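In: generate a structure from the sequence data that follows.
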Amino acid sequence: MALTEIGTEIGSETGTDTGTGAVPKWTNNFTFLAAAIGSAVGISNIWKFTYVAGAHGGGAFVLVYVLALLAIALPALIAELTIGRHGGRSVVGTLDTMAHQGEVHRHWRLFGLVCMIGVFLAMSFYAVIAGWTIDYFTLGVSGRFDDLTAEASPRLFAAMTGDPVRMAGFMALFIALTAIIVALGLKRGVERFLAVMTPGLFVILGLLLVYAIATTDFLAGAAFLFAPDFAKLTPSIVLMAVGQSFFSLGVGLGVILTIGAYTRREVNLARSATVIALADGGVALVAGLAIFPIVLHYGLSPAQGPGLLFETLPIAFAEMPMGRIIGPAFFLLMALAALTSTVTILESVVANFEDRGRWRRGPVTWLLALALAVMGLATVLSFNRWQDARPLGFLPVFAERNVFEILDYVVSNIIMPGGGICVAIIAGWLMHRPVTLGQTGLGDGVLYRLWRFSVRYLVPFAIGAVLVLNL
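Out: Next up is the predicted model:
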């Protein structure tokens, strides 16, 4: 049976457009946006961008970030969505289809396989960190933050990371929650969850922002984030801003491609991608405006990265009015941000197996969840029993890295940049102009020409520079 005929059958059964794909489609544009925004917004949006911006030029960094978001990250996002909707299948299936149509060489299928490996590795360690947010949510609800001191907070965090059984338990719980949602299917599980929880994430973040405005020195926090210091904008900091704008959207791992494959033909990809990119950047900025006034108000150091979440903020929650409510709400926000990301990540992997036609969604989802839990144990042990292990110490780049740090480095500094360059090559150089012109929704004018120029030249050059910087 031809691929288009398969798409026709599924389209008639699910009420979706058939296009060239053999997958169901998002019910409407809202659920598509909820999925894409939920995928892009993660834990790093809450802490990493705001800390890096404040420590490296404030408003000057933000300005470079916004410019990079519009000139580099947004065109790359449109490119990956375009590839996904054009192929209409999983990432491997899409490249198979494009190879059969003569658009790409069959060896490009390896890119799809690398994407699968990359997202699997990413989720194996991301689930461990996400498990921390659930752990700390339960600690906040049970009152463990009450009267927490600066001396006791690091011990509370060390007690968690030093207990592999406890960490593994919360990791397994998080993976199970993700698997339950994905196993229910695109319509009953993924779509329903993201349609509710992505807006819920914004509601909780908004409430935290209102609290910061009402009870702290909000202007001091805003100044920390936005006061420009152009003297700090070295070339490496500029590339850091470029990398932050690109990688926070999750381009290059095939997740966005899968989301694009589920997208209806009438959706304007360029317009929707703009909403996604602005929402992703907006969450980072609003999170900074909600968090840093609290941190500065209580005389805490904002320059702690992840430690800001699990060691510094609980001290503030112990001292602030309504801290018993704000503390758990914050870690619930973190857990939701993580879960909206991992649901789409796991969905992209399951889609590749389901696309083969020999795998049922339920069993393959739970088999992958089990494999993720086993793989995640390596990250769990990296924080305690294997903390000093250097399994790839014979390689200079990994000489000082434990298992968790190796996985993080490989995904963040090799697979994602490489994937981003591959996306740019496929959309900018290999796909025929009439195809990208019809898919992007940019029209045959200056916007399309600017997008094509960016995808062909700016995106590969910028990502390549970031890749070299991080090696």
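In: distance check, Thr342 against Cys115.
Out: Taking Cβ to Cβ, to the nearest Å as the measure, Thr342 falls 16 Å from Cys115. Any C-beta I mention is one placed from the backbone N, CA and C, and that applies to glycine too.
In: these two - which one has more neighbours?
Out: It is Cys115, of Thr342 and Cys115, that has more neighbours when counted by other Cβ atoms under 10 Å, with 29 against 26.
In: list the contacts of the residue nearest to the more buried one when sequence neighbours are not counted.
Out: The shortest distance from Cys115 to any residue other than its chain neighbours is 3.4 Å, reached at Gly254 (Cβ to Cβ, 6 or more residues apart in numbering). Shown in contact with Gly254 (Cβ atoms under 8 Å, 6 or more residues apart in numbering): 90-91, 112, 115-116, 118-119, 348, 419.
In: also Gly281?
Out: Taking Cβ under 8 Å, 6+ apart, one finds 65-66, 69, 245, 248 in contact with Gly281.
In: so Arg109 touches Thr97, yeah?
Out: No - if you go by Cβ atoms under 8 Å, Arg109 and Thr97 don't touch, sitting 10.4 Å apart.
In: number of nearby residues for Gly54?
Out: Residues near Gly54, counting by other Cβ under 10 Å: 24.
In: count of neighbours near the residue nearest to it when sequence neighbours are not counted?
Out: Leaving aside its chain neighbours, Gly54 sits nearest to Phe224 (5.0 Å; criterion: Cβ to Cβ, 6+ apart). Neighbour count of Phe224, defined by other Cβ under 10 Å: 20.
In: mind checking the SS state of Phe224?
Out: helix (DSSP: H, G, I helix; E, B strand; the rest coil).
In: you'd agree it is up against Gly57?
Out: No - between Phe224 and Gly57 there is no contact under Cβ under 8 Å: 11.6 Å.
In: thinking again about what came up before, contacting residues for the residue nearest to Gly54?
Out: 54, 58, 292, 296, 302.
In: again, 10 Å this time
Out: 50, 53-55, 58, 288-289, 292-293, 295-296, 302 (Cβ atoms under 10 Å, 6 or more residues apart in numbering).
In: are any of the residues you listed buried, and which?
Out: Neighbour-count burial (16 or more other Cβ atoms under 10 Å) applied to those gives 50, 53-54, 58, 288-289, 292-293, 295-296, 302.
In: distance of the nearest residue to Asp388 once chain neighbours are set aside relative to Val410?
Out: Ranked by Cβ to Cβ, 6+ apart and with sequence neighbours excluded, the top spatial neighbour of Asp388 is Asn402, at 7.3 Å. Between Asn402 and Val410 the distance is 13 Å, computed by Cβ to Cβ.
In: neighbour count for the two, which is higher?
Out: Asn402 (22 against 19).
In: please report how far the more buried one lies from Met123.
Out: 19 Å.
In: quickly list what's touching both of Asn402 and Val410.
Out: Residues touching both Asn402 and Val410 by Cβ under 10 Å, 6+ apart: Leu392.
In: Gly58 touches Ala223, doesn't it?
Out: Yes - look at Gly58 against Ala223 with Cβ atoms under 10 Å: they come within range, at 7.9 Å.
In: tell me where the stretch 301-450 of the chain has helices.
Out: 306-307, 313-319, 323-354, 361-382, 403-410, 416-425, 433-440, 446-453 (DSSP state H, counting those that start in this stretch).
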